[in-house]
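> need coordinates for the below:
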Amino acid sequence: MTVLARRIASVPRRTSVQTWQVISELLAPAGTPARATLDAATGPAAMLIAEEVTGDAPIILSGTGPQLRLYTLHGEAAMEADLDQEASFPFVPTHGDWALSLPASPEDLDTVRAALAAISPRISVRDSTDTDRGRAAAASRRSASIPVIDIAELERP
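Purely as a prediction, here's the structure:
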């Protein structure tokens, strides 16, 4: 599986809502059904960004192309971030079939899950501390005969 990653500057450089707007622009063109779905998820997504959950656990978009992992940068890292590194993808990530997974702290899972249930089945929430489940799911999707090196994870600070 091919994985692409982006690090998006957030608080204090941008508000959490502005950060989600940047992420939405990267994932879906304005005026598309996917963009309307992402816009509807602004509240729960911005809350998770404000809590800095997305700094360690990525927002994951899976679809017909490469898997996308979007991390947020906070504090000094956000202020020093090169905004050119937030370049758009050479394809529309939400074209065709797609699903978005937001990380949440264990204490916020039920609240965020309830909020997202009213928005779209395409957006789900997962426990940000459950790294084994994410690795197991990724391993089950790839062939054992094809090695996969996740460069984005190697580059994480």
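> check contacts around S16.
10, 46-47, 49-50 (C-beta atoms under 8 Å, 6 or more residues apart in numbering). C-beta: built from backbone N, CA, C; applies to glycine.
> farthest pair in the residues you listed?
Within these, S10 and M47 form the most distant pair, 12.5 Å apart (C-beta to C-beta).
> which one of the two has more residues nearby?
Ranked by neighbour count (other C-beta atoms under 10 Å), S10 and M47 place S10 first, with 28 against 19.
> distance of that one from T111?
20 Å (C-beta to C-beta, to the nearest Å).
> and if you look at E76?
E76 sits 29 Å away from T111, going by C-beta to C-beta.
> who's more crowded, those two?
T111 (13 against 9).
> what helix or strand is L70 located in?
strand 67-73 (DSSP states H and E).
> list the contacts of D108.
47-48, 51, 53.
> brain fart, R113
Per C-beta under 8 Å, 6+ apart, neighbours of R113: 104, 124-125.
> how about the strands in this structure?
Applying DSSP state E to the chain gives strands spanning 3-9, 59-63, 67-73, 98-104, 123-127.
> select, out of those, the one closest to L116.
strand 123-127 (5.1 Å).
> tell me the strands beside that closest one, with direction?
strand 98-104 (parallel) (DSSP bridges).
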